[in-house]
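Enquirer: Please find the sequence and the predicted model below.
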Amino acid sequence: MIKGLQKLTLIDYPGKLACTIFLYGCNFRCGFCHNPELVLTPTEERYSEEEILKFLEKRKAQLDGVCFTGGEPLLSLRKEFVKRVKEIGYAIKIDTNGSNPEKLKELINENLVDYIAMDLKASPEKYVEVVNAQVPLEKLEETIKIMVSYGGDYEFRTTILKRFHNEDDLEKMFKWILGLTRGVKPKRYFLQGFVNKGKLLDNTFKSEPDVYEDYLGKLKKVADNYFESVGVRV
């Protein structure tokens with residue numbers, strides 16, 4: 001179910017002029033979520049698929065890609081809709097929390113995905129604490145394996161909060177990932193500093209401090225050992 005449309009983004013789809021489509025619903029309840037209005041699924045959608053497709057037809061000379069995000073877009077994103085977007089000529093990026101590898105693999109198998117971004121929340125021991133929900137770790141692990149092996153473009157990323165992430169925490173998470181990939185370093189990883197915009201899912205995070213480049217730089221030194229490329233976003 002479609003909640004919103006950002007008609008132009010220069011950052012959501014690396015290397016492309018794109019628009020971003022926001023879908024309702026998420027099976028995680030991260031207290032620091034900056035899109036809390038997207039977590040619960042409403043009774044009606046704000047935009048229809050046909051409205052979005054009309055917009056994309058008009059903009060196909062100006063835009064290169066479409067980013068599907070949420071919430072967790074794979075909960076409600078219809079394959080038929082993605083096909084129609086692809087047929088217009090757009091590259092497709094999917095943002096995901098990694099909990100629905102079956103849907104992701106289905107889209108990949110039909111050549112409907114060009115870029116995948118998965119949020120890595122924490123080490124396995126801390127996942128439930130961070131996402132505030134029961135986590136099917138085997139699903140996350142399957143998504144990680146799919147991404148590293150499918151041959152397309154992808155990135156992993158973590159929104160860094162000081163209460164959840166220090167050097168030891170990330171070392172545990174990275175070793176977990178490398179164990180799943182049998183020692184193959186994933187292509188790309190980004191550290192994203194938490195920015196407290198005030199409108200969060202859990203009010204206990206309202207006093208959570210912003211994370212700046214100096215703290216991210218310390219963590220990057222750890223990440224550099226486990227990925228081909230590591231970037232910082234602030």
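Expert: Nice, thanks for sending it over. Numbering: from 1, shown residues only.

Enquirer: burial of the closest residue to residue 204 other than its chain neighbours, as a residue count?
Expert: Leaving out its chain neighbours, the residue that sits closest to residue 204 by CB to CB, 6 or more residues apart in numbering is residue 31, at 6.4 Å. For every residue, glycine as well, the C-beta is placed using N, CA and C. By other CB atoms under 10 Å, the residues close to residue 31 number 17.

Enquirer: same thing with residue 234?
Expert: Residues near residue 234, counting by other CB under 10 Å: 14.

Enquirer: Quick one: residues contacting it.
Expert: 192-193, 211-213, 216 (CB atoms under 8 Å, 6 or more residues apart in numbering).

Enquirer: what's the answer for residue 226, then?
Expert: 174-175, 177-178, 185-186, 189.

Enquirer: measure it to residue 186 for me?
Expert: From residue 226 across to residue 186, the span is 8 Å (CB to CB, to the nearest Å).

Enquirer: Also residue 23?
Expert: 25 Å.

Enquirer: still on that earlier bit, which two among the contacts of residue 226 are spaced furthest apart?
Expert: The largest separation in the contacts of residue 226, counting by CB to CB, is between 175 and 189 at 13.7 Å.

Enquirer: between the two, who's got more neighbours?
Expert: residue 189 (23 against 13).

Enquirer: what's the distance between the more buried one and residue 157?
Expert: Separation of residue 189 from residue 157 (CB to CB): 7 Å.

Enquirer: just residue 78 next, same as before
Expert: To residue 157, residue 78 is 25 Å away according to CB to CB.

Enquirer: Which of the two has more residues huddled nearby?
Expert: When residue 78 and residue 157 are compared on other CB under 10 Å, the one with more neighbours turns out to be residue 157, at 17 against 9.

Enquirer: State the number of residues packed around the residue nearest to the more buried one when sequence neighbours are not counted.
Expert: Nearest residue to residue 157, sequence neighbours excluded (CB to CB, 6+ apart): residue 190, at 4.1 Å. Residue 190 is flanked by 21 other residues according to other CB under 10 Å.

Enquirer: contacting residues for residue 190?
Expert: Residues near residue 190 by CB under 8 Å, 6+ apart: 155-158, 230-233.

Enquirer: ditto for residue 156
Expert: Going by CB under 8 Å, 6+ apart, residue 156 touches 117-120, 144, 147, 177, 186, 188-190, 227.

Enquirer: Run through the helices of this protein in chain order.
Expert: For the chain, applying DSSP state H gives helices covering 49-59, 79-88, 101-109, 127-131, 137-149, 167-180, 213-223.

Enquirer: now these as a markdown table including mean pLDDT and distance to residue 17?
Expert: Below are the helices of the chain laid out as a markdown table (pLDDT from 0 to 100; distance: least, CB to CB, whole Å):
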| stretch | mean pLDDT | distance to residue 17 |
| --- | --- | --- |
| helix 49-59 | 98 | 9 |
| helix 79-88 | 98 | 15 |
| helix 101-109 | 98 | 22 |
| helix 127-131 | 97 | 32 |
| helix 137-149 | 97 | 24 |
| helix 167-180 | 98 | 31 |
| helix 213-223 | 98 | 26 |
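
Enquirer: picking that back up, Provide a PyMOL selection command restricted to the buried entries of the contacts of residue 226.
Expert: In PyMOL, this line selects whichever of the contacts of residue 226 come out buried by 16 or more other CB atoms under 10 Å:
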select buried, resi 174+177+178+186+189
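
Enquirer: Done for today, thanks.
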